[in-house]
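> I would like the atomic coordinates for the input below:
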Amino acid sequence: MARDIKGAISEAAERLDKNYGSQGIFEIGVGERLPKRGEIIEIIRELRRVIFPGFFGSENTAYVSFDNFAGNTLASIYEKLFKQIRIALRFENRGKEMEGIEDRAEELTLKFIDKIPDIQKMIFKDVEAELNGDPAAGSKEDVIFSYPGIYAVSVYRIAHELRVLGVPYIPRIMTEHAHSETGIDINPGAEIGEYFFIDHGTGIVIGETTRIGNNVKIYQGVTLGAISTMKGQALSGVKRHPTIEDNVVIYANTTILGGDTVIGHDSVIAGNTFVTASIPANTKVSALAPELQIQERVRK
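Numbering: from 1, shown residues only. Next up is the predicted model:
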């Protein structure tokens, strides 16, 4: 039996058109554009080049003047980032007065460029934390080249500064890219102190209003989340994720929930625990070990 291919396609297209209209987000006007994910990922690459010269680019630092290299790379970052920030601001303000968008994009980009040396210093401290915290780490170079935790935290540090400056869209695009690359999900709104150590990393989730102090270690599968998000947008801006104070260690597959939950400094949270209440400082928290049943196999 002959199939009406054109008719089927036409019917599906009509249904898609209705879906588009029902959402109210797909009618982009003349001159309006969305930020480009590919361009933002390229900005991340350029920032990693300037933070770790010689590691992620083609330049040989034996023949490169560091100040010239930094200046040229920063100029490239400025040009690319300015364009994406301008696009993001225009898109966020579509339908409103656009006067001053160009100046605002320039101001935000320059402020971010000024922050890059400080971001670099923070990332260097994270590298040191990884090296000191993992006996398997052979060197700082090993950590920088290979560790997914450093990649995720580096991108977070970059995205967080953009978020603090009030840049829309781009910070979350950055951290979700790192999430897709590493399996580590750090919201750019989280506040994370110095010497942050992630070991292994896969499955870590750090929510938007999380606060983490200095010298904190987190292992794979840890969730720092909200108790409930049933109210959706009504909770926007509300502290709904936990606070982790200085010198805390959180072992694998632990879940800590709630905006009022505070893990006191110098505490250890053992693996596979579920915490929804505050823990005093200098405390060790662990769950009861599951009872093992061992039976001899019957061989036939």
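> Can you give me the distance of the spatially most central residue of the chain to residue 86?
Closest to where the C-alpha atoms of the chain average out (C-alpha atoms, centre = their mean) is residue 175, at 3.2 Å. Residue 175 sits 21 Å away from residue 86, going by C-beta to C-beta, to the nearest Å. (Glycine included, C-beta is placed from N, CA and C.)
> Am I right that residue 123 is in contact with residue 157?
Yes. Proximity of residue 123 to residue 157 meets the contact threshold set by C-beta atoms under 8 Å, at 5.7 Å.
> quick one on the thing from earlier: the residue nearest to the centre of the chain contacts residue 182, doesn't it?
No. Residue 175 is not in contact with residue 182 according to C-beta under 8 Å; the separation is 10.4 Å.
> where does residue 254 sit relative to residue 80, distance-wise?
Noted for residue 254: a distance of 39 Å to residue 80, by C-beta to C-beta.
> make that residue 14, sorry
Relative to residue 80, residue 14 is positioned 40 Å away (C-beta to C-beta).
> Pick out whichever of the two has more residues nearby.
Taking neighbours as other C-beta atoms under 10 Å, residue 14 and residue 80 compare with residue 80 leading, 17 against 10.
> Skipping its backbone neighbours, what lies nearest that one in space?
If the residues on either side of it in the chain are set aside, residue 80 comes closest to residue 43, at 5.2 Å by C-beta to C-beta, 6 or more residues apart in numbering.
> Also residue 166?
residue 108 (7.2 Å).
> Residue 111 too?
Using C-beta to C-beta, 6+ apart and skipping residues adjacent in sequence, the residue nearest residue 111 is residue 165, 5.7 Å away.
> From residue 137, how far off is residue 144?
Applying C-beta to C-beta, the value for residue 144 to residue 137 is 10 Å.
> okay, these two: which has more neighbours?
Neighbour count, other C-beta under 10 Å: between residue 144 and residue 137, residue 144 has more, with 21 against 17.
> wait, isn't the more buried one in contact with residue 54?
No. If you go by C-beta under 8 Å, residue 144 and residue 54 don't touch, sitting 10.2 Å apart.
> Poorly predicted segments of the protein, please.
1-2, 28-32, 62, 229-234, 300 (pLDDT under 70).
> for it, what spans make up the strands?
All strands of the chain, identified by DSSP state E, fall at 185-186, 191-192, 197-199, 205-206, 211-212, 217-219, 223-225, 243-244, 249-250, 255-257, 262-263, 268-269, 274-275, 284-285.
> Okay, now the sheet partners of the fifth one, with direction.
For strand 211-212, sheet partners with direction are given as strand 191-192 (parallel), strand 243-244 (parallel), following DSSP bridges.
> cool, and the last one?
Its sheet considered, strand 284-285 pairs with strand 268-269 (parallel) by DSSP bridges.
> neighbouring contacts of the partner strand?
Under the criterion C-beta atoms under 8 Å, 6 or more residues apart in numbering, residues 248-251, 254, 256, 263, 275, 279, 283-285 lie in contact with strand 268-269.
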